[in-house]
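S.K.: Model the following, please.
(2 chains)
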Number of protein chains: 2
Amino acid sequence: MAVREADVHITLVGSEEQIQPALRKEGISHLVNFVPTSQVITMNDSPIEAIRKKKDSSIVVAFELLKKNEVDAVVSPGNSGAVMAAAIKFLGRLKDISRPGIASVFPTLKKPVVVMDVGANVDCRPKHLVQFGIMASAFSRIMFGIETPRVGLLSIGEEGGKGNALVKSAHFLFQDSGLNYIGNVEGRDTFVGDVDVIVCDGFVGNVCLKLSEGLAEAILSMLREEISKTLKARIGYFFARQAFSNFKKRVDYAEYGGAPLLGFNGTGVICHGRSNQVAIKNALLVADELARNKVNDHILAMLETSRPLQDFDENPAPSGAI
Amino acid sequence: MAVREADVHITLVGSEEQIQPALRKEGISHLVNFVPTSQVITMNDSPIEAIRKKKDSSIVVAFELLKKNEVDAVVSPGNSGAVMAAAIKFLGRLKDISRPGIASVFPTLKKPVVVMDVGANVDCRPKHLVQFGIMASAFSRIMFGIETPRVGLLSIGEEGGKGNALVKSAHFLFQDSGLNYIGNVEGRDTFVGDVDVIVCDGFVGNVCLKLSEGLAEAILSMLREEISKTLKARIGYFFARQAFSNFKKRVDYAEYGGAPLLGFNGTGVICHGRSNQVAIKNALLVADELARNKVNDHILAMLETSRPLQDFDENPAPSGAI
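M.R.: Numbers count the residues shown, from 1 in each chain, chains lettered A, B, ... in the order given. Below is the predicted model:
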């Protein structure tokens, strides 16, 4: 799907027995490169240990290819901790980024919003949040063409004084960050679409991501249940089915193409372990877009103009973070 | 609505000019008591200062009535911080509860789930989370008749080793808590309905609550938008409108009747500032249920059987919480 839809070249890395028959069946062996690997990093493997011990796994081999410039980006639906660890080990952190992170695109009533971090960094310091804001802004600029994205800090009240200790400290850093910072935003605001980037720590972001996916699915199930209860409602569904299908597409996370891993010297996109073909195709197109547009150059340029951030490196950890 | 639906006696506390004409208009002046107040605590007032300075506000007067046993429970859609502060000031914390909190009922595919804390305590220690688990279990027992509710700890992976520093420490406390603790649950699990109580700190809980409300509204808007686009879909809607109305009722938070304030020597229910009449009526019925069934006796009994919790009082703050 990706090869047919855009000018991308794909290298598949993985199990020969699983991939080759599928390629032959689809008749596309000539369209993609293939690199066989013999080991598998499972979802339960400890990331650091796994990338050290399983050198012939698809995650390790793919990032080695990226390091050798044989590919321009890596897309993986595998163990996201291991993807993160491999990215940092083989390519290194981007200059002045202390913690690479994972961004995710949420559907809203208007244009999609970028949320970062959604799981890479569970215990954060204020400056990490500002760095997430910078990286997510660069992503928003490339993917959605927004020159200076509006950045909000996820909190539990709109006033700057509201939030937990981490958010309260981060609020003041953001005000001097050079970003188009619009202040705190609440969970409610996420889906309204008046903000382009929402920043939070990886624990909160991951909970929000999974909660949203779970709620969207639950709501669709409830709707299906109610509609199947009476003949009249089923007739109604028959007439409105195109509307339902458009609606489902808007709510479906698979349409938004994976979560970019930002902050290392390369381009990577992480997908859900249970991604369908549309999700993988869209992730490949996002990776292509990020690599072509040199997302890291945008991040470095934005870091350059937010130089004051460096001053906060020497600050002690926020005292209230217990 | 509440008076007609159940055997409850209502005392309204507030502005004479606003309430009396409404009571006369509805012809129900004889059905409710009325206590006039002259001051208003706004949503922006600092809670502690407001309850000290505005002694003739509805929040302060209502909790004084509760203290004097002239009412059995307080329901308020006002400044929730001020409600919390007044409850603690006038009635005191429940024995062995360090932090009273706010529980909230989320709709799921099966029976509703109780989430606590949803905003009262933004920076928590592990033992606070266990106390939330105990209080929310008592609430679940009274409201949903579940004798030993299944309690889950909201985290970003199902394994006990996953989560931020707070959650990792709390996981071990929960294992010895005497609660029916089933381990970590993820955001996705919230709406499946296989767990009765979900525990989290007040920052995460408040973000989840508002995110869920926002997403449910956004999804309904998207569905309306898609359906209004074509005549065919509008015809479909006409046939299926009863199904839609049932569906909306299931997703509507107003149906779930406010958020109980648990952990003080009294009964209180906090409502959304923008509650409609159904939400207020349901909150009154929840308050009635909690007062009749003596929710605090259940909490105290559960604390009694989870005695080991006391040992953790002397523990230092979790070291990784920065």
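S.K.: Helices of the stretch 101-250 of chain A, residue ranges please.
M.R.: Assigned by DSSP state H, counting those that start in this stretch, the helices in the stretch 101-250 of chain A fall at A:126-144, A:165-175, A:202-228, A:231-251.
S.K.: Out of those, which one sits most buried?
M.R.: helix A:126-144 (a mean of 26; mean count of other C-beta atoms under 10 Å in any protein chain shown). Where you see a C-beta, it was placed from the backbone N, CA and C, and this is true even at glycine.
S.K.: Give the other helices and strands that that one contacts.
M.R.: strand A:101-106, strand A:113-116, strand A:150-154, helix A:165-175, strand A:197-199, strand A:259-262, helix A:277-292, helix A:295-305 (3 or more C-beta pairs under 8 Å, 6 or more residues apart in numbering or on different chains; DSSP states H and E).
S.K.: Spatially central, which residue of chain A would that be?
M.R.: The centre of chain A sits closest to residue A:259, judged by C-alpha atoms, centre = their mean, with a distance of 2.1 Å.
S.K.: Distance check, that residue against chain B.
M.R.: Going from residue A:259 to chain B by C-beta to the nearest C-beta, to the nearest Å gives 14 Å.
S.K.: mind listing what that residue touches?
M.R.: Neighbouring residues of residue A:259 by C-beta atoms under 8 Å, 6 or more residues apart in numbering or on different chains: A:102, A:103, A:104, A:105, A:118, A:269, A:270, A:271.
S.K.: related to what we said a few turns ago, and the helices and strands packed on helix A:126-144: which comes nearest residue B:109?
M.R.: Smallest distance to residue B:109 across the helices and strands packed on helix A:126-144 (C-beta to C-beta): 21.8 Å, for strand A:101-106.
S.K.: on that earlier part again, and the helices of the stretch 101-250 of chain A as CSV, adding distance to residue B:204 and mean pLDDT?
M.R.: Formatted as CSV, the helices of the stretch 101-250 of chain A follow (distance: least, C-beta to C-beta, whole Å; pLDDT from 0 to 100):
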stretch, distance to residue B:204, mean pLDDT
helix A:126-144, 15, 95
helix A:165-175, 12, 93
helix A:202-228, 6, 86
helix A:231-251, 23, 76
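S.K.: got those as CSV, with distance to residue B:8 columns?
M.R.: As requested, those are exported to CSV (distance: least, C-beta to C-beta, whole Å):
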stretch, distance to residue B:8
helix A:126-144, 46
helix A:165-175, 40
helix A:202-228, 30
helix A:231-251, 36
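S.K.: among those helices, which is nearest residue B:301?
M.R.: Comparing these by C-beta to C-beta, helix A:202-228 comes nearest, at 31.3 Å.
S.K.: Which strands and helices lie in contact with the closest one?
M.R.: Judged by 3+ C-beta pairs under 8 Å, 6+ apart, helix A:202-228 is in contact with strand A:101-106, strand A:113-116, strand A:150-154, helix A:231-251, helix B:202-228, helix B:231-251.
S.K.: can I get the ones you listed in CSV with distance to residue B:67?
M.R.: Conversion of the helices and strands packed on helix A:202-228 to CSV gives the following (distance: least, C-beta to C-beta, whole Å):
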stretch, distance to residue B:67
strand A:101-106, 45
strand A:113-116, 44
strand A:150-154, 37
helix A:231-251, 48
helix B:202-228, 25
helix B:231-251, 37
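S.K.: if we compare these, which one ends up closest to residue B:144?
M.R.: helix B:231-251 (15.9 Å).
S.K.: Between helix A:202-228 and that closest one, find me the angle.
M.R.: Per axes from the mean of the first three to the mean of the last three C-alpha atoms, to 10 degrees, the angle that helix B:231-251 makes with helix A:202-228 is 120 degrees.
S.K.: Helix B:231-251 packs against which elements?
M.R.: Against helix B:231-251 (3+ C-beta pairs under 8 Å, 6+ apart) you get helix A:202-228, helix A:231-251, helix B:202-228.
S.K.: between those, which gets nearest to residue A:297?
M.R.: Of all the helices and strands packed on helix B:231-251, it is helix A:202-228 that lies closest to residue A:297, at 24.8 Å by C-beta to C-beta.
S.K.: ok, the residue of the stretch 51-200 of chain A found nearest chain B - contacts?
M.R.: Scanning the stretch 51-200 of chain A for the residue nearest chain B gives residue A:187, at 3.2 Å (criterion: C-beta to the nearest C-beta). Neighbouring residues of residue A:187 by C-beta under 8 Å, 6+ apart: A:154, A:208, B:206, B:207, B:208, B:209, B:210, B:211, B:212, B:213, B:214.
S.K.: same thing with residue A:99?
M.R.: Residues near residue A:99 by C-beta under 8 Å, 6+ apart: A:117, A:120, A:121, A:124, A:128, A:131, A:263.
S.K.: Got the confidence number for the fourth one?
M.R.: Confidence at residue A:124, expressed as pLDDT, is 94.
S.K.: Report the spatially nearest residue to it, omitting neighbours in sequence.
M.R.: residue A:201 (4.1 Å; C-beta to C-beta, 6 or more residues apart in numbering or on different chains).
S.K.: Okay, and residue A:41 sits in which element?
M.R.: Using DSSP states H and E, residue A:41 maps to neither a helix nor a strand.
S.K.: Tell me the pLDDT of it.
M.R.: At residue A:41, pLDDT is 96.
S.K.: before we move on, what about residue A:74?
M.R.: Listed pLDDT for residue A:74 reads 98.
S.K.: residues contacting the spatially closest residue to residue A:275 that is not a sequence neighbour?
M.R.: Excluding the flanking residues, the one nearest residue A:275 by C-beta to C-beta, 6+ apart is residue A:77, at 4.8 Å. If a contact means C-beta under 8 Å, 6+ apart, then residue A:77 has A:270, A:271, A:272, A:273, A:275, A:280, A:283 as its contacts.
S.K.: Contacts for stretch A:159-171, please.
M.R.: With contact meaning C-beta under 8 Å, 6+ apart, stretch A:159-171 is reached by A:124-126, A:129-130, A:153-157, A:172, A:183-184, A:199, A:201, A:318-322, B:44, B:122-123, B:201, B:203.
S.K.: in stretch A:84-94, what's buried?
M.R.: A:84, A:85, A:86, A:87, A:88, A:89, A:90, A:91, A:94 (16 or more other C-beta atoms under 10 Å in any protein chain shown).
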